[in-house]
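K.L.:
Need the 3D shape of this:
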Amino acid sequence: RRCCRRRRVSLHAQVVAGGAECAEAMSQRAERNALQLAVLGLGGTIDKDYPRTTMGYAFEIDEPAAIRVLTVAQVEGWRCESVCKKDSTEITTEDRESLVMSIRRAPERRIVVTHGTDTMIETAQFVEASGAAVGKSVAFVGATKPERFKDSDATFNVGVAVGVTDVLPPGSVVVCMGGRAIPAARCMRDLDSGRYVDQPLPSTTT
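P.N.:
Okay, the predicted model is just below:
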């Protein structure tokens with residue numbers, strides 16, 4: 001009888017333990033499924049904030065401004081990762097390779113990359129050429145003024161980028177500025193207006 005009782009207790013403990021493991025696995029799976037969007041920050045004007053140092057006068061690149069934008073908008077199922085905090089003129093090949101690695105290991109299909117405006121096109125084309133966007137939708141976005149400014153275009157641009165990643169086909173890499181989503185391969189910046197424009201690729205027909 002004691003033996004049978006011990007067996008029942010042992011079996012009960014195994015069932016409880018198995019149930020706990022199953023519940024934990026289901027919780028982790030649900031958490032992974034809930035994360036639909038990854039925001040990867042590289043700095044730039046969009047992330048510039050007021051100086052924190054005493055007697056400071058220059059703006060400092062802070063945490064990704066997209067965190068505030070998405071929180072205020074009550075967007076669900078996203079996470080943010082800071083790849084680097086640099087002015088886009090200081091972005092190096094190593095920084096771009098780090099971005100490619102972050103995109104490849106991200107479980108999310110939708111990727112928004114916040115970036116400075118000066119070299120955003122070059123980085124977008126680098127990512128596209130790397131093949132990291134296979135199976136994902138990647139949207140690059142920046143701002144002409146820091147998100148902290150009242151008249152900044154940051155919130156609008158981030159909103160466009162987030163929405164675009166939900167409808168783009170997998171493998172897409174686009175630049176989202178001024179209400180447009182331009183394929184990285186065709187994107188260029190008009191030097192006179194500063195606007196991002198869609199430059200048709202040259203025809204290959206003879």
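K.L.:
contacting residues for Gly135?
P.N.:
109, 170-171 (C-beta atoms under 8 Å, 6 or more residues apart in numbering). The C-beta positions use only the backbone N, C-alpha and C, and glycine is treated the same way.
K.L.:
Can you name the residues bridging to the residue nearest in space to the middle of the chain?
P.N.:
Nearest to the mean C-alpha position of the chain, by C-alpha atoms, centre = their mean, lies Val39 at 2.2 Å. When assigned by DSSP bridges, Val39 has beta-bridge partners Cys80, Val112.
K.L.:
these two touch, right, Met177 and Ala139?
P.N.:
No. Using C-beta atoms under 8 Å, Met177 makes no contact with Ala139, being 10.3 Å away.
K.L.:
From Val112, how far out is the closest residue to Ile67 other than its chain neighbours?
P.N.:
Here the nearest residue to Ile67 in space, its sequence neighbours aside, is Cys80; by C-beta to C-beta, 6 or more residues apart in numbering that works out to 5.2 Å. Distance of Cys80 to Val112, given as C-beta to C-beta, to the nearest Å: 9 Å.
K.L.:
Name the residues contacting each of the two.
P.N.:
Residues touching both Cys80 and Val112 (C-beta under 8 Å, 6+ apart): 38-40, 66.
K.L.:
which one of those is nearest Cys187?
P.N.:
Leu40 (18.3 Å; C-beta to C-beta).
K.L.:
residues in contact with the closest one?
P.N.:
80-83, 99, 102-103, 106, 111-114.
K.L.:
so who does Met177 touch?
P.N.:
Residues near Met177 by C-beta under 8 Å, 6+ apart: 117, 141-142, 157, 195-196.
K.L.:
Mind checking which of the residues you listed are in strands?
P.N.:
141, 196 (DSSP state E).
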